[in-house]
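Colleague: Here is the input, now give the coordinates:
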Amino acid sequence: MNDYLNKFRLDGKTAIVLGGLGLIGKEVTVAFAMAGARTIILDLSDEAGKLFAKEMCDKGYDVSFRSFDCANFEEVDNNFSLIIQESGSPDIFVNCSYPKTEDWPQNSFESITLDSYRKNVDIHMNSYAWLAKITADAMSKQKNGGSIIQFGSIYGVLGQDLAVYEGTDMKENMTYATIKGGITNLTIQILMHSFCQVNRIDSFK
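Modeller: Reported below is the predicted structural model:
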């Protein structure tokens with residue numbers, strides 16, 4: 001009988017998970033670590049990150065944490081490039097970060113401001129785009145390929161179904177649709193670009 005799970009082993013691979021302390025990101029981190037990858041968490045909370053990494057290491061997994069703010073667009077290029085320089089080009093890069101401004105719940109057609117719209121597109125969609133580009137460059141140079149996984153949304157392809165939100169305080173959000181649509185198309189663009197010798201790029205919806 002074939003050991004199918006063994007085919008998904010990642011021993012000897014390095015995975016970087018941006019947003020690795022979030023609801024989704026933490027499970028992604030655990031999955032990669034359990035599959036044998038050297039897993040590097042990038043997220044905001046220094047204390048929580050170090051604690052979670054220690055818990056994983058105590059269980060025998062190779063997990064480390066680096067404080068990283070993808071919303072700090074003035075420094076994001078240098079900071080991320082430095083991480084890749086220190087840890088080596090990743091075999092897997094997962095972006096499941098969710099940077100947003102404090103007024104995020106008010107980004108509906110009726111209440112959104114131009115300033116908020118521009119800031120959120122910049123820190124969310126543009127950080128996804130630029131970090132994917134840096135990672136793709138690094139993977140191309142190492143000539144071993146790799147995987148870039150970006151978390152998008154079905155609302156990057158379809159309009160939001162407000163009926164889903166009945167009974168909650170969630171509203172339509174034009175900025176979210178713009179961002180996730182951009183991430184989905186960006187993923188296709190990187191995949192199609194011949195300079196990037198990656199094995200697989202996914203945008204999850």
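Colleague: all contacts plus neighbour counts: C-alpha atoms, from now on.
Modeller: Fine.
Colleague: hmm, who's touching stretch 162-173?
Modeller: Where contact means C-alpha atoms under 8 Å, 6 or more residues apart in numbering, the residues beyond stretch 162-173 that reach it are 105-109, 160.
Colleague: same thing but at 10 Å, please
Modeller: With contacts defined as C-alpha atoms under 10 Å, 6 or more residues apart in numbering, stretch 162-173 is touched by 104-112, 155, 159-161.
Colleague: among those, which ones are buried?
Modeller: The neighbour-count test (16 or more other C-alpha atoms under 10 Å) marks 104, 106-108, 112, 155, 160 as buried among the contacts of stretch 162-173.
Colleague: was I right about Tyr128 contacting Ile190?
Modeller: No. With contact defined as C-alpha atoms under 10 Å, Tyr128 does not reach Ile190; the gap is 11.9 Å.
Colleague: Can you tell me which of the buried ones among the contacts of stretch 162-173 comes closest to Arg38?
Modeller: Ranked by distance to Arg38 (C-alpha to C-alpha), the buried ones among the contacts of stretch 162-173 are led by Tyr155 at 32.4 Å.
Colleague: who's in contact with the residue of the chain most remote from its centre?
Modeller: Distance from the centre of the chain peaks at Met1, with 35.7 Å (C-alpha atoms, centre = their mean). Applying C-alpha under 10 Å, 6+ apart to Met1 gives no contacts.
Colleague: May I see the buried residues of stretch 81-101?
Modeller: 81, 83, 89-97, 99-100.
Colleague: for stretch 125-134, same thing?
Modeller: Buried residues in stretch 125-134 (16+ other C-alpha under 10 Å): 125-129, 131-134.
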